[in-house]
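[1] Got a sequence here, can you build the structure:
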Amino acid sequence: MEIRLDHQVAIVTGASSGIGHAVARSFAANGAAVAINYHSHAEAAEALVREITENGGKAIAIKADVSDPEQVSRLFAQTLDAFGAIDIVVANSGMQKDAAARTMSLEDWRRVLDVNLTGQFLCAQAAIQQFHKQGRRNVSRALGKIICMSSVHDAIPWAGHVNYAASKGGVAMMMKTLAQEVAESGIRVNAISPGAIRTPINRDATEGDAEKALLKLIPYGRVGDVEDIANTAVWLASDCSDYVVGATLYVDGGMMLYPGFRDNG
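    Numbering: from 1, shown residues only. Below you'll find the model as predicted:
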């Protein structure tokens, strides 16, 4: 079976940079029309739209804050206006506001949970409603597909990032519960949990001496690229993974193997 997304429509949230940007580009390269959601960096989102359309694909850029129900509704409505249907939703938008627990503000706690967890729920809820409303479109074996973007920190504690880790732990159980609830209707809900991925915003942590220290946590011996996650997302959205339901795929070079214990057996 060929890994393609032809004739399908995807929403990718947080797609103006990093992982979301790469996922949107790969979806378009594999035949999907893509709604590129962004909250900031409009220029980057519009540049990706131009790149996709110049290469013969279909894409639009839509600004929306995924933590706001009204803006999520508008995101879905504008996608439907442009493309007529929605088949895939990648809930990727996320943020960090790091601090030690003893000094973290309630505002920073809430904002991270609002975007990383509530935002994913709102997008998944809207997707489920739309999949049922439009019915089967004969473009995929599934009625619809939802991919939640999580993190290895849905399982690995991360001191100094309690709001982020809590949000990703919540995503892990939310995804499984949603999958359990909607699988019988033909909707596949899964998650991708990236490890250390090289993106523009974390360049300081993935280059030079910082990279050397980071590699001690990655048995496979390299920092991940955004394309590693994008390739996984394409497969997970395609019919090649049609029997994968309620799964979390850890794309992390082995970080979840807890390499610190290699010499302590």
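[2] now the helices for the stretch 151-265 of the chain?
    162-182, 208-215, 226-237 (DSSP state H, counting those that start in this stretch).
[3] Contact partners for the residue lying closest to residue 112 once chain neighbours are set aside?
    Using C-beta to C-beta, 6 or more residues apart in numbering and skipping residues adjacent in sequence, the residue nearest residue 112 is residue 163, 4.0 Å away. Every C-beta, even on glycine, is put in place using the N, C-alpha and C of the backbone. Applying C-beta atoms under 8 Å, 6 or more residues apart in numbering, we find residue 163 in contact with 97, 104, 108-109, 112-113.
[4] so of the helices of the stretch 151-265 of the chain, which one's packed in deepest?
    When these are scored by mean count of other C-beta atoms under 10 Å, the highest mean neighbour count falls to helix 226-237 (a mean of 21).
[5] In this structure residue 53 contacts residue 59, no?
    Yes: with contact defined as C-beta atoms under 8 Å, residue 53 reaches residue 59; the gap is 6.1 Å.
[6] For those two, indicate the residue with more neighbours.
    Using other C-beta atoms under 10 Å, the more surrounded residue of residue 53 and residue 59 is residue 59, with 27 against 13.
[7] What backbone torsions are found at the nearest residue in space to that one that is not next to it in sequence?
    Distances taken as C-beta to C-beta, 6+ apart put residue 52 closest to residue 59, at 4.0 Å, once the chain neighbours are dropped. Dihedral pair for residue 52: phi -70, psi -50, per degrees, to the nearest 10.
[8] and residue 52, what is it in contact with?
    Contacts of residue 52 (C-beta under 8 Å, 6+ apart): 24-25, 28, 34, 58-59.
[9] And the furthest pair within these?
    25 and 58 (12.9 Å; C-beta to C-beta).
[10] higher neighbour count, the two?
    Set residue 25 next to residue 58 and count neighbours by other C-beta under 10 Å: residue 25 wins out with 23 against 16.
[11] quick one on the thing from earlier: what about burial for the contacts of residue 163, which qualify?
    Neighbour counting with 16 or more other C-beta atoms under 10 Å marks 97, 104, 108-109, 112-113 as buried within the contacts of residue 163.
[12] so where's the stretch 101-250 of the chain shaky on pLDDT?
    Of all residues in the stretch 101-250 of the chain, none has pLDDT under 70.
[13] before we move on, back to that, mind picking the two most distant members of the buried ones among the contacts of residue 163?
    104 and 113 (11.7 Å).
[14] Would you state the predicted confidence (pLDDT) at residue 265?
    Confidence at residue 265, expressed as pLDDT, is 61.
[15] again with residue 1
    For residue 1, pLDDT reads 65.
[16] The one 3 residues further on too?
    Residue 4 is assigned 97 on the pLDDT scale.
[17] ok, it touching residue 31?
    Yes: counting by C-beta under 8 Å, residue 4 does reach residue 31; the two are 5.2 Å apart.
[18] Name the residue in these two with the higher neighbour count.
    residue 31 (17 against 14).
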